[in-house]
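Novice: Starting from these lines, generate the structure:
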Amino acid sequence: MALFTIDAKKCKRDGICAAECPVSIIMLKDKESVPTPVPGAEASCIHCGHCVAVCPHGALSHVSMTPEQCPPVRKEFQLSPEQAEHFLRARRSIRVYKDKVVPKEILAKLIDIARYAPSGHNSQSVQWIAVCDPAEVQKLTSHVADWMRFMIKEQPAFAKAFHMDRVVGAWEMGMDAITRKTPHLIVAHAAKEDRMAPVSCTIALTYLELSAPAFGLGGCWAGYFNTAAVFWQPLQKALGIPDNHSAFGTMMVGYPKYHYHRLPTRKEPQITWR
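Specialist: From the prediction side, this is the model:
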């Protein structure tokens, strides 16, 4: 099957698809011809869909997707500069959650949105573990406490720098400063040898966190948990992370118990203009 096909009646020979192709595998010979793949295009194509998305006429169909499969961009949904700034500044890391379970279909929708995050070379290598049972979250968190006890004994300087003694002490008194009694955890993992995986997982989880408020949810990066998931084999086993994979990010997700009313300030940006 051809890499892409062109509807000659719809195509305006404007060369937009060729100009926008990130790997330059579309050529337009002249104004009378429709775009064609360059030699070897199949091996170089990253199946990103730019060519389908950018054609204003819906003339190009890629082997991976057709114009009909790609919803149109809705201009009425696009944020103004003020709305975009407010949306991003209003984001807060949520650490106090209601004792309320999020429906599985909403968690699935968050992950579905997150899969559209950009990834290097359109690798789309992120895989997910969604811990839906709050009791299971606490069971997994106990593995993190075990890892911290190990670190306090074996690497006390490192443990002290990250206040692990206080965190473990709080845990033993029934206070959870590790996963904050969140009802759910979402772990992004990928192959260890994939050089693009750390950034891909980080961006995908960021998409997920930014999407959460639209569903009345909040999230927070679970740094202690994810570090333990990288280095503590009992937690890796309990999560079911494949041996050749690593956890590159973990997000706590739940309904916020409290709501924020103001946009906090931040340091001025340090910019070097060139």
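Novice: quick one: Phe248 from Met164, how far?
Specialist: Going from Phe248 to Met164 by C-beta to C-beta, to the nearest Å gives 22 Å. Quick note: C-beta positions are derived from backbone N, CA and C, even for glycine.
Novice: again but with Ala204, I slipped
Specialist: 28 Å.
Novice: So what's the predicted local confidence for Glu32?
Specialist: Per-residue pLDDT puts Glu32 at 88.
Novice: ignore the last one, Thr265
Specialist: 97.
Novice: what residues go with each domain of the protein?
Specialist: 4-69, 93-254 (automatic domain parsing).
Novice: Single out the most deeply packed of the ones you listed.
Specialist: Compared across the domains of the chain, domain 93-254 shows the largest average neighbour count, a mean of 18 (mean count of other C-beta atoms under 10 Å).
Novice: one step back: with distance to Pro81 as extra columns, can I get the domains of the chain in a markdown table?
Specialist: Formatted as a markdown table, these follow (distance: least, C-beta to C-beta, whole Å):
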| stretch | distance to Pro81 |
| --- | --- |
| domain 4-69 | 23 |
| domain 93-254 | 17 |
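Novice: tell me the SS of the residue most central in space within the chain?
Specialist: The centre of the chain sits closest to Ala204, judged by C-alpha atoms, centre = their mean, with a distance of 1.0 Å. Taken by DSSP: H, G, I helix; E, B strand; the rest coil, the conformation at Ala204 corresponds to helix.
Novice: what residues are up against it?
Specialist: Neighbouring residues of Ala204 by C-beta atoms under 8 Å, 6 or more residues apart in numbering: 114-115, 117, 119, 126, 188, 249.
Novice: quick check, nearest of those to Val144?
Specialist: Nearest to Val144 among the contacts of Ala204 is Gly249, at 15.0 Å by C-beta to C-beta.
Novice: In terms of helix, strand or coil, where does that closest one fall?
Specialist: Three-state call for Gly249 (three-state DSSP): strand.
Novice: need the contact list for it.
Specialist: Here Gly249 is in contact with 187-188, 201-202, 204-205, 221, 226 (criterion: C-beta under 8 Å, 6+ apart).
Novice: now for those residues, which pair is the farthest apart?
Specialist: The most distant members of the contacts of Gly249, if one measures by C-beta to C-beta, are Ala204 and Asn226, lying 13.7 Å apart.
Novice: Wasn't Met252 part of a strand?
Specialist: Yes. Counting by three-state DSSP, Met252 is located in a strand.
Novice: Give me the nearest residue to it, chain neighbours excluded.
Specialist: Counting by C-beta to C-beta, 6 or more residues apart in numbering, the nearest residue to Met252 once its immediate chain neighbours are dropped is Thr182, at 3.8 Å.
Novice: I figured that neighbour hits Val137, correct?
Specialist: Yes. Under the criterion of C-beta atoms under 8 Å, Thr182 makes contact with Val137 at 6.3 Å.
Novice: hey, what's in contact with both of those two?
Specialist: If you check Thr182 and Val137 against C-beta under 8 Å, 6+ apart, no residue is contacted by both.
Novice: got the residue ranges for the strands in the stretch 1-150 of the chain?
Specialist: For the stretch 1-150 of the chain, the strands defined by DSSP state E, counting those that start in this stretch cover 4-6, 26-27, 36-37, 60-62, 127-131.
Novice: quick one, the longest helix seen in the chain and strand 127-131 angle?
Specialist: As assigned by DSSP state H, the longest helix anywhere in the chain is helix 134-154. In terms of direction (axes from the mean of the first three to the mean of the last three C-alpha atoms, to 10 degrees), helix 134-154 departs from strand 127-131 by 110 degrees.
Novice: distance between helix 134-154 and the chain's centre?
Specialist: Put simply, helix 134-154 sits 25 Å off its chain's centre (C-alpha atoms, centre = their mean, to the nearest Å).
Novice: which ones are touching the residue lying farthest from the centre of the chain?
Specialist: Distance from the centre of the chain peaks at Glu32, with 42.7 Å (C-alpha atoms, centre = their mean). Residues in contact with Glu32 (C-beta under 8 Å, 6+ apart) are Arg13.
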